[in-house]
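Next come a sequence and a model predicted from it.
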Amino acid sequence: MRIEAKRTESRDARELLKKMFNAAVAAAQPELCIPPNLPDPPRGRLIVIGAGKASAAMARAVENCWQGAPLEGLVVTRYGYAVACKAIEIVEAAHPVPDAAGYEAAARILKLVSGLTADDLVLCLISGGGSALLPLPAAGLSLKDKQEINRALLKSGATISEMNCVRRHLSAIKGGRLAAACYPARLVNLIISDVPGDDPVDIASGPSVPDASTCAEALAILRRYEISAPRHVLEVLESGQAESIKPGDPRLPTIETKLIATPQMALEAAAEIARQNGFASHILGDSIEGEARDVGKVLAGIALQVAKRQQPFAPPCVLLSGGETTVTVRGNGRGGRNVEFLLSLAIALQGASGVHAIAGDTDGVDGQDEIAGAFLTPETLARAWAQGISPTDSLERNDGHGFFAALGDSLLTGPTLTNVNDFRAIVIAG
């Protein structure tokens, strides 16, 4: 009877965790958040451009509800994330390491917005992943330079804000340069945020908003993380010749920016599901950063205090959080910051009774694997040991995906067509 009760608890907890994840993703779907934020039709042309994992679905939502004059445009999304559109061209390219398809699409987008008038409107659809999908190098740099720097940044442990600062200052389209190219047309940005703090300049490296950061800051980040860059890349930053477009630039007076979906909105949707199922919900933060394994240890400590001491919350409850953790790659495993967090959480919890969790990327891809994340149960460690799998060895090898896949606990969603960053939920039964 006791074993059967545990199985029922695990099944019910997993169902609740999946419902909350699905609610978070649903809250950020373009067909929900695009229609109420569309601008009035312009006197002249409407040009739709964009980049990101959600950009194709955003473009389709625009087409489905646009009531004005004919539109045209081009957006670039990740391979596998395209959806059919009638007037807006959809291009697929590589993420997280850019490729030639993204390079060519970025150049075409810049050309598309050139030569516009003050009567024209550019509708820019931006979501997470757009930085890698718009890899147009600054003068004197190559696509290969961008690819190498991007790979090094992804392995370095740098925050997303730091990575995007570097990317902006090695680009011919990011850091407000796309916005400047639209002048004198009116520019409206509709943005789905995937970054802690929801700063538009950090979403897709801010192609269509001004940027106050500098080449000197980008150079300091490369040095801080001991990222080796070719001499000509360093010279671009040292000279300041690739400085981004700053606030107050005369080419940027007609920009309107709307955040139409954010991590906080997704967490609130998940919290409502928890409440409907009889669990108090507590959002610990929508912008939690840091090493994934360190965040796992901290949240395990909070979960144990709740389970054992009923502090600072009484069970049954759900602890929710979002943001974007980082992974400093030391091993050769299959990675993923969400599964790294979850594996660290499991080790710290040591099979604590009644504690279940989920961690996943709301875009459906955690790291470079087509896996969103994973589930954790009180039996996770015991099941791993029974298969001869060492949790600590898996963590040291950055092999979170390998660990949870072996247990059959991977979270598989396919492309979700949106992206509001990491989603974490810990269910603590009463």
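Perfect, thanks for sending it. Numbering: from 1, shown residues only.

Sort out which residues of stretch 218-226 are buried, please.
218-219, 221-222, 225 (16 or more other Cβ atoms under 10 Å). C-beta coordinates here come from the backbone N, C-alpha and C atoms, glycine included.

Apologies, that question was intended for stretch 289-309.
Residues 289-293, 295-296, 299-300, 302-304, 306-307 are the ones in stretch 289-309 that count as buried (16+ other Cβ under 10 Å).

so of those, which ones are in helices?
Among those, the members falling in helices (DSSP state H) are 292-293, 295-296, 299-300, 302-304, 306-307.

Of those residues, which is the nearest to T326?
Relative to T326, the closest of these is A292; by Cβ to Cβ it sits at 6.7 Å.

hmm, back to that, adding pLDDT, write the buried residues of stretch 289-309 out as TSV.
Listed next are the buried residues of stretch 289-309 as TSV, based on pLDDT from 0 to 100:
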residue	pLDDT
E289	93
G290	94
E291	95
A292	97
R293	97
V295	98
G296	98
L299	98
A300	98
I302	98
A303	98
L304	98
V306	98
A307	97
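
Of the residues you listed, which is the nearest to S208?
Closest approach between the buried residues of stretch 289-309 and S208, by Cβ to Cβ: E289, at 24.2 Å.

Identify the residues contacting that closest one.
By Cβ atoms under 8 Å, 6 or more residues apart in numbering, the contact list for E289 reads 159-160, 196, 323-326.

G73 now?
By Cβ under 8 Å, 6+ apart, the residues touching G73 are 46-50, 59, 87-89, 112, 123.

Max pairwise distance over the ones in helices among the buried residues of stretch 289-309: which two?
Within those, A292 and A307 form the most distant pair, 22.0 Å apart (Cβ to Cβ).

Distance of the closest residue to L412 other than its chain neighbours relative to D361?
Leaving out its chain neighbours, the residue that sits closest to L412 by Cβ to Cβ, 6 or more residues apart in numbering is I371, at 6.1 Å. The gap separating I371 from D361 is 9 Å, by Cβ to Cβ, to the nearest Å.

again with G367
Going from G367 to D361 by Cβ to Cβ gives 8 Å.

what about these two, which has more around it?
Per other Cβ atoms under 10 Å, whichever of G367 and D361 has more neighbours is D361, with 27 against 23.

Surely that one is in contact with N421?
Yes: applying Cβ atoms under 8 Å as the test, D361 and N421 come out as touching, 7.1 Å apart.

ok, I347 to E396 distance?
11 Å.

Could you do G430 as well?
From G430 across to E396, the span is 35 Å (Cβ to Cβ).

Likewise for S287?
28 Å.

for V233, same thing?
Noted for V233: a distance of 32 Å to E396, by Cβ to Cβ.

Specify which residue of those two has the higher count of neighbours.
Taking other Cβ under 10 Å, V233 and E396 do not tie; V233 has more neighbours (25 against 13).

give me every residue that touches that one.
Shown in contact with V233 (Cβ under 8 Å, 6+ apart): 141, 145, 149, 170.

which residue packs closest to the second one, ignoring adjacent ones?
Right, D145. V233 (5.6 Å).

three-state assignment of the one you found?
Classification of V233 by DSSP: H, G, I helix; E, B strand; the rest coil places it in helix.

likewise the one 3 residues further on?
Of the three states, V236 takes helix according to three-state DSSP.

Just the pLDDT for it.
We have a pLDDT of 93 for V236.

just checking, it touches P137?
No: counting by Cβ under 8 Å, V236 stays clear of P137, with 9.3 Å between them.

still on that earlier bit, I'd like to know how far the residue nearest to D145 sits from E148.
Distance, V233 to E148, using Cβ to Cβ: 9 Å.

One more: V62?
Distance of V62 to E148, computed by Cβ to Cβ: 35 Å.

Just want to know which of these two has more residues nearby.
Using other Cβ under 10 Å as the criterion, V62 and E148 rank with V62 on top: 25 against 17.

Around the nearest residue to L219 once chain neighbours are set aside, how many other residues sit close by?
Closest residue to L219 apart from its sequence neighbours, by Cβ to Cβ, 6+ apart: L237 at 4.3 Å. L237: 24 surrounding residues under other Cβ under 10 Å.

residues touching L237, list them.
Neighbouring residues of L237 by Cβ under 8 Å, 6+ apart: 169-170, 215-216, 218-219, 222.

what do you get for I126?
By Cβ under 8 Å, 6+ apart, I126 lies in contact with 50-52, 55, 189-192, 200, 203-204, 207-208.

Just to be sure, which of the residues you listed are found in helices?
Those of those mapping onto helices are S55, per DSSP H.

Among the contacts of I126, find me the one that's closest to A179.
Lowest distance from A179 to the contacts of I126 (Cβ to Cβ) belongs to S208, with 4.5 Å.

how far away is that closest one from S131?
12 Å.

If you count surrounding residues, which of these two has more?
More crowded of S208 and S131, by other Cβ under 10 Å: S208, with 35 against 28.

Would you check that the more buried one makes contact with G176?
Yes: counting by Cβ under 8 Å, S208 sits close enough to G176 to count as a contact (7.3 Å).

doesn't E72 fall inside a strand?
Yes: counting by three-state DSSP, E72 is found in a strand.

pretty sure L320 contacts A270?
Yes: using Cβ under 8 Å, L320 is in contact with A270, at 5.8 Å.
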